[in-house]
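>>> return atomic coordinates for the entry below.
(2 chains)
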Amino acid sequence: MPITCLQCEDAACVKACQYNALTRNEKTGAIELNEKKCVKCSACLGACPFGNVLLENNSGRFVKCDLCLGEPMCAKFCPSKTLEYK
Amino acid sequence: MVTITIDGIEYEAREGQTVLDVAKENNIPIPSLCHHEALKPWGACRMCVVELNGKIMASCTLPVAKDQNIKTKSELVKTVRKVVLNLLLARCPHSKTIQQLARLYGITKTTLKADEGRDNCILCNVCTRVCAQLGSSAIATVKRGSEKEIGTPFGEKPPDCIGCLSCARNCPTETIKFEETDAGRIIWNKSFEMAECSICKAKTVLTKEQVVFFAKKSGLPEEYFAKCDECARKETAETFAQLVINPGAHIMKAWGFTFGKLEAKAITASPVLPQKFERS
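Below you'll find the predicted structure:
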């Protein structure tokens, strides 16, 4: 089963970040990671109890689902339209 | 909102912003070394200088004000940036970051005496500020004058360092050295062991010190941090699967009923009803 960020209301990643790099986008409701503010301390990655903040091995960047700024590509490209975004 | 002019074009700016913030928002190139968006402006490197009413100002510490007329490409700005780069190149002639930046301004070699024996530190203090904002403050500037450098208390292993590598990962000149293996890390001569996942016992990406520190700092339980993301995802998937097979299970559990665990494969077969109820 594909598991992606649950965009928690009281998010652990936001609590763990000491640099205000994780903020909620009021339009989409998603918690977005501002890469410019991220200092790569790994606190959010450790904090997420669902394991949904990931460390990209090649670039060393931390990534999490931001609902593609309101147009999730996973849902768009899902061939059987099992994934829906409403 | 205030309107400021940068290189002849008017831009809207919010009060409290700095000129560098506005420039970055509007993709106006201003070089900077000591600036980090997560940190308060510092104004150490002097690379981000701009011209305001014939005077040179560091744009990272310059608050926006009404009717400011900023120039970022004037001859005066270029001259000052060249002087700064000439000095930086003399301090650390082998730094790739400084070399690249200097080349943009037509400098390939410093006109001053290059300091060959020194590391590439430009004393921008990004490392110490990142560390301080996290709350550990394990490193600081030590010594004064021309001997000033980034160091640990008394040159020993820093007791407050948690091995998060933020200082090294954010160093603009990649001066701070560290060693990293699957089992642990070494930074500032201090060795760290990686924390073990509480479920699969594999090494996580956090050190033991990081687990304790982050949990304390965020007020979250330590178990959150001492779990690898694969195990966490697996657990979440299992929870979701259970919710799909038996949506009421968590309510029944809260009411004091327990079931035998249902197999996830039941989802493809005919619907399975809970076998037995037990009042616990």
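>>> SS state for residue B:211?
helix (DSSP: H, G, I helix; E, B strand; the rest coil).
>>> what's near enough to touch it?
A:46, B:195, B:204, B:222, B:225, B:226 (Cβ atoms under 8 Å, 6 or more residues apart in numbering or on different chains). Backbone N, C-alpha and C define where each C-beta goes, glycine included.
>>> tell me where the model's unsure across the chain.
In the absence of a named chain, this looks at chain A. Within chain A, no stretch falls below the threshold (pLDDT under 70).
>>> nope, chain B
Flagging of chain B using pLDDT under 70 yields the residue ranges B:257-280.
>>> try 80 this time
B:246-280 (pLDDT under 80).
>>> now for the residue of chain A found nearest chain B: which residues touch it?
Here the residue of chain A nearest chain B is residue A:51; by Cβ to the nearest Cβ that distance is 3.0 Å. Counting by Cβ under 8 Å, 6+ apart, residue A:51 touches A:3, B:227, B:228, B:229, B:230, B:231, B:232, B:233, B:235, B:236.
>>> would you confirm that the fifth one contacts residue B:203?
No: Residue B:230 is not in contact with residue B:203 according to Cβ atoms under 8 Å; the separation is 11.9 Å.
>>> more crowded one of the two?
residue B:203 (17 against 14; other Cβ atoms under 10 Å in any protein chain shown).
>>> measure that one to residue B:193 for me?
With distances taken as Cβ to Cβ, to the nearest Å, residue B:203 is found 9 Å from residue B:193.
>>> isn't residue B:87 up against residue B:112?
Yes: between residue B:87 and residue B:112 there is a contact under Cβ under 8 Å: 7.1 Å.
>>> show me just the buried residues among the contacts of residue A:51.
For those, a burial check counting by 16 or more other Cβ atoms under 10 Å in any protein chain shown picks out A:3, B:227, B:228, B:229, B:231, B:232, B:233, B:235, B:236.
>>> of those residues, which belong to strands?
Using DSSP state E, no member of those falls within strands.
>>> can you pull out the strands in chain B?
Ranges of strands in chain B, per DSSP E, are B:2-6, B:9-13, B:49-52, B:55-58, B:69-71, B:140-142, B:149-151, B:178-180, B:184-187, B:190-196, B:203-207, B:257-258, B:278-279.
>>> then chain A?
A:22-24, A:31-33, A:54-55, A:62-63.
>>> could those be laid out in TSV, adding mean neighbour count?
Formatted as TSV, those follow (neighbours: other Cβ atoms under 10 Å in any protein chain shown):
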stretch	mean neighbour count
strand A:22-24	17
strand A:31-33	20
strand A:54-55	15
strand A:62-63	18
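>>> got the contact list for residue B:38?
Residues in contact with residue B:38, defined by Cβ under 8 Å, 6+ apart, are A:19, A:20, A:21, A:36, A:37, A:38, A:39, B:130, B:133.
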